[in-house]
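Chemist: fold the following.
(2 chains)
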There are 2 protein chains.
Amino acid sequence: MKRVERFDIFELLLKGEEPADSRVVVDCSAVFKNGDQRFTINGFYNGNREYKIRFMPQEQGIWRYEIGSSFADPDDSYGEFECVENTGRNHGPVITNGTHFQYADGTKYIPFGTTAYAWTHQPVDLRERTKKTLSESPFNKIRMCLFPKSMVYNNNDPERYPFTKNAEGKWDVHNPDLGYWTDLENQLKDLMDMGIEADLILFHPYDKGRWGFDELSREDNLAYLKYCVRRLSAFRNIWWSLANEYDMVFRKTEEEWESFGNFIRQEDPYQHLLSIHNWIQLYDFKRPWITHCSIQSALVHKTEDWKNEFQKPVVIDECEYEGNIEESWGHLSAFEMAHRFWTVTLKGGYCTHGETYHREDEVLWWSKGGDLHGESVKRIRFLQEIVYGLEGEIQPVQGKFRINPNDLQMTADNPSVQHNPYLKQILSMNPVDRALLSMNNATYAGRHGDDCFIHYFGKSCQSLFTLDLPEAGDYAIDLIDIWEMTREMIIPKASGKTKLRLPGKEGTAVIATRI
Amino acid sequence: MKRVERFDIFELLLKGEEPADSRVVVDCSAVFKNGDQRFTINGFYNGNREYKIRFMPQEQGIWRYEIGSSFADPDDSYGEFECVENTGRNHGPVITNGTHFQYADGTKYIPFGTTAYAWTHQPVDLRERTKKTLSESPFNKIRMCLFPKSMVYNNNDPERYPFTKNAEGKWDVHNPDLGYWTDLENQLKDLMDMGIEADLILFHPYDKGRWGFDELSREDNLAYLKYCVRRLSAFRNIWWSLANEYDMVFRKTEEEWESFGNFIRQEDPYQHLLSIHNWIQLYDFKRPWITHCSIQSALVHKTEDWKNEFQKPVVIDECEYEGNIEESWGHLSAFEMAHRFWTVTLKGGYCTHGETYHREDEVLWWSKGGDLHGESVKRIRFLQEIVYGLEGEIQPVQGKFRINPNDLQMTADNPSVQHNPYLKQILSMNPVDRALLSMNNATYAGRHGDDCFIHYFGKSCQSLFTLDLPEAGDYAIDLIDIWEMTREMIIPKASGKTKLRLPGKEGTAVIATRI
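Modeler: Residues are numbered from 1 along each chain as shown, chains lettered A, B, ... in the order given. Okay, the predicted model is just below:
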């Protein structure tokens, strides 16, 4: 009996007739059963009178399948295979667990993503370079578009498009370019082998008449989505990102986004992660079809607010990019990018990298991939090692009310506030100024229960800090330099209020770990 | 005939009786006349049955004076002196000129201030060190308190207080400690000789019952102000700062601040610069007695807004301090302090320095003076040299509307905005987020007519910039590194739109100067 690892792809290849009309809406399916588990899986036409049905088994054991009637050949209609234990890097798809993520087999997964929107639309040698770079990077997720991208630094045409054109020169979504999809799948497979999740962006605004993929009819968009789900959903390492900057796609209405999102939620047998990325206005992540918040914002200190509001994991999928281009969103220092990762992490969320260093050949990582030139990546790896080394998730800790009259971190959660003239003044400040001041020089605190306390001092150059540890436990305290990537124990054993001396520079953190 | 330089002090010493009651409200005055000019100047009691009348002549020529009747001695009641041209560093008091400053003789004066609130309350040797440090610094203004200061790092008592105490142990404002005032005048004189303006803080909240100077009655406060004006106003290098953090002085009402401000405006014969410094809520700088805005805020990019609102010069007299203490207002990096100076300057205002590096001996520059330990001071000097080298004042330039959909610098001043879906989205953003995003990565532009264009790129690491120069003129373009303090010509002759390559790091500026 054929054996397939749990979360790998079991694929049926069926011979049939050339589709008469649509090569997307084809009547090809199979039912897979294992005990109480039952999945109806739709296939797709793959050219040469061949159809494929792909199934990702999520439970071990014997799976029996029955091929749908249109392909009913008494001898080939039934079959079975054995699903065996997953091994090696195969931990299954990433799923949510409260406001965090994990692999389906329970293994820890903490997103450290990057962005290369159009890397699969580049020539083969460049794509190979991109994958080599990824294989040496800390990244375990990549945001990438299915449609090609037209924008500054994105002036080349791809070799292939998702669809072919009809006789009138219009895109025929019912006639996919099979080479495009096979090629895309090869890239997804390569990412899978590297342990990298592919955050697939299904729609985006970077077209504007150049190719017309942003002007397809609603029916055509649904056919495209149907094809995506049928071909790609058996890949365990895909996430669906319904759009990049959905609110810049002016031709689509909220009702359409809703129907597309619900459509994927219904069609995808594996319920892959699904979200939608904004430009200005966050989508309402409370909608049931959305699994997590995928946010563009430079205001990364708000991560915790969003987590509290939406009660789902928060991924800051765009917080501007490390680089040196003229565009306002593409010239962060490497330190600032590393700082934003630390900020998001301490606020209980997940951050995504991108890099935009100007190059005359227009190969910028953020879109085309290639090589990484920046200095933030190794700092992100350093953070990743620290975070993966923790016992569990980081819970943000609110700054305490302090009576220091010049301290703008004062909050109204203290009962003595009502009679405090200092606080009255602070609360009289207009909300804009208050927010601006709170953002300036903010420091960040997080904990994992009583096991671990982290303080990240951000841009503060303070050399003095009183760490408020539980009296009950003993803690070892490490000093971290997020830029120099050093971690050294400064106090082997401490409890209660503990005065620390810090180096007095930006990018300092301390971690107290229970011993 | 006695000769006195214009803006120097002509002092009359009169013998009289010991004051029967108040040593502050004494009937001692003289009228000074020169052509149409006529000043009635009140004197003060200086102990030992001596009275002094100090006069700062502001016009050259022969000044005749007549001493008031209570001292009328037929032989000594009249006199004259010759006021001669001012020389050397003596350019007279600083006055406003629109939203800028200048010396009274027309010489350029651009404030580059620092802060050492309690430096005159420290032991003599420390004060001497402070003055030596100042003499080697770029600073031409210092903020300093008349009352002693009680606060973190300010735990020592001064040797002298402005007043003596009465039999009940209460401060007797009518019985000044003459040694305190003589000593203060010596410090003012030393500052004057160094070309440094003394921004004298008359009230502050850092007492809270330790000495009780913030609990004097309204009448006592007026007597104190009367004495200040009589003794000190002939010093050309004084500014009156009615309060530091007025809105933290909870015992004083707005009506009192108004009456005190108007009182000084009426009593001071020379109309010295007069303002009031806030903690949270800016004072209403439109009030007629206020000559300029003295602002505490870390939101220094708002400088131009305040200038436009109040139509007076804007001095950011506190934007937090370079240092490493735990307090949120005292741990800016040196780069951040330099960056704030550049920001304020490009926004057409003036910035004030302060430094709070922790020291076990509690001698922090921001309060006690001593030595400067920071790295921002030499960058401030570098900026000062650049600004003094310009032909005239910097006028801020608003960022232009650009169609780049990701560019948050877009503003609504373009008529095509109404039909622009990108801008509609941006304008739908809540004001807090908009403000936060505008502050992040902002770049700053200023010009002096068509003679000079400056762009400061702030935290942007962009390596590309298109400078939009007039087609009509020829300009030399210099590249500036605000941290390395380098300035090098990169293009000897340019006009019109000029593409520049920048080093791609934080703290870069370019200056185009008409040749």
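
Chemist: okay, and for the stretch 351-500 of chain A, where does confidence drop off?
Modeler: Along the stretch 351-500 of chain A, segments meeting pLDDT under 70 span A:399-418.

Chemist: change it to 90
Modeler: A:391-392, A:397-443 (pLDDT under 90).

Chemist: which stretches in it count as strands?
Modeler: Here the stretch 351-500 of chain A has its strands, by DSSP state E, counting those that start in this stretch, at A:355-356, A:395-397, A:444-448, A:452-456, A:464-468, A:475-481, A:486-494, A:497-501.

Chemist: so is residue A:277 in a helix, a strand, or just coil?
Modeler: Three-state call for residue A:277 (DSSP: H, G, I helix; E, B strand; the rest coil): coil.

Chemist: let me know the pLDDT of it.
Modeler: Looking at residue A:277, its pLDDT is 98.

Chemist: contact partners for it?
Modeler: Residues near residue A:277 by CB atoms under 8 Å, 6 or more residues apart in numbering or on different chains: A:143, A:201, A:241, A:243, A:244, A:245, A:246, A:294, A:295, A:296, A:317, A:318. Where you see a C-beta, it was placed from the backbone N, CA and C, and this is true even at glycine.

Chemist: so for the residue in the stretch 101-250 of chain A positioned nearest to chain B, what's the nearest residue that isn't a sequence neighbour?
Modeler: Nearest residue of the stretch 101-250 of chain A to chain B: residue A:250, at 4.9 Å (CB to the nearest CB). Nearest residue to residue A:250, sequence neighbours excluded (CB to CB, 6 or more residues apart in numbering or on different chains): residue B:421, at 4.9 Å.

Chemist: how close does that neighbour get to residue A:201?
Modeler: Look at residue B:421 and residue A:201: by CB to CB, to the nearest Å, they are 20 Å apart.

Chemist: more neighbours: which of these two?
Modeler: More crowded of residue B:421 and residue A:201, by other CB atoms under 10 Å in any protein chain shown: residue A:201, with 26 against 11.

Chemist: wait, the more buried one touches residue A:244, no?
Modeler: Yes. In this structure residue A:201 lies within contact range of residue A:244 using CB atoms under 8 Å: 4.7 Å.

Chemist: mind listing the shared neighbours of the two?
Modeler: Joint contacts of residue A:201 and residue A:244 (CB under 8 Å, 6+ apart) are A:117, A:143, A:145, A:277.

Chemist: show me what contacts the first one?
Modeler: Spelled out, it's residue A:117. A:143, A:144, A:145, A:149, A:201, A:204, A:206, A:244, A:366, A:367.

Chemist: quick one: which helix or strand includes the fourth one?
Modeler: Right, the one you point to is residue A:149. According to DSSP states H and E, residue A:149 maps onto no helix or strand at all.

Chemist: verify the stated contact: it with residue A:368.
Modeler: No. Applying CB under 8 Å, one finds residue A:149 not in contact with residue A:368, separated by 9.0 Å.

Chemist: if we can go back for a sec, surely the residue of the stretch 101-250 of chain A closest to chain B is within a helix?
Modeler: No. If the criterion is three-state DSSP, then residue A:250 is coil and not within a helix.

Chemist: so how far is residue A:220 from it?
Modeler: Using CB to CB, one gets 18 Å for the distance from residue A:250 to residue A:220.

Chemist: show me what counts as buried in stretch A:159-173.
Modeler: For stretch A:159-173, the neighbour count (16 or more other CB atoms under 10 Å in any protein chain shown) marks A:160, A:161, A:162, A:163, A:164, A:171, A:172, A:173 as buried.

Chemist: mind checking pLDDT for residue A:14?
Modeler: 92.

Chemist: skip the chain neighbours and tell me the closest residue to it.
Modeler: Closest residue to residue A:14 in three dimensions, ignoring its sequence neighbours and counting by CB to CB, 6+ apart: residue A:51, at 4.3 Å.

Chemist: wasn't the one you found part of a strand?
Modeler: Yes. Judged by three-state DSSP, residue A:51 forms part of a strand.

Chemist: what bridges to it?
Modeler: On the basis of DSSP bridges, residue A:51 is bridged to residue A:14, residue A:45.

Chemist: that one: neighbour count?
Modeler: There are 23 residues near residue A:51, going by other CB under 10 Å.

Chemist: show me what contacts it?
Modeler: Residue A:51 touches A:13, A:14, A:15, A:16, A:26, A:28, A:43, A:44, A:45, A:71, counting by CB under 8 Å, 6+ apart.

Chemist: verify the contact between the fourth one and residue A:28 for me.
Modeler: Yes. Because the distance of 7.2 Å satisfies CB under 8 Å, residue A:16 is recorded as touching residue A:28.

Chemist: what segments of the stretch 151-300 of chain A are strands?
Modeler: A:163-165, A:171-176, A:197-203, A:238-243, A:274-275, A:293-296.

Chemist: which non-adjacent residue is nearest residue A:11?
Modeler: Nearest one to residue A:11, counting by CB to CB, 6+ apart, is residue A:54 at 5.1 Å.

Chemist: that neighbour and residue B:42: what is the separation?
Modeler: According to CB to CB, residue A:54 and residue B:42 sit 97 Å apart.

Chemist: over to residue A:428?
Modeler: 40 Å.

Chemist: okay, now the domains of chain A?
Modeler: With domains defined by automatic domain parsing, chain A comprises A:3-84, A:94-388, A:441-514.

Chemist: tell me if the last one is near chain B.
Modeler: It refers to domain A:441-514. Yes. Counting by CB under 8 Å from any CB of the partner chain, chain B has neighbours in domain A:441-514: A:441, A:459-466, A:502, A:504-506.

Chemist: most remote residue from chain A's center?
Modeler: residue A:419 (45.8 Å; CA atoms, centre = their mean).

Chemist: picking that back up, narrow the shared contacts of residue A:201 and residue A:244 to those in strands?
Modeler: For those, the ones inside strands are A:143, A:145, with DSSP state E as the criterion.
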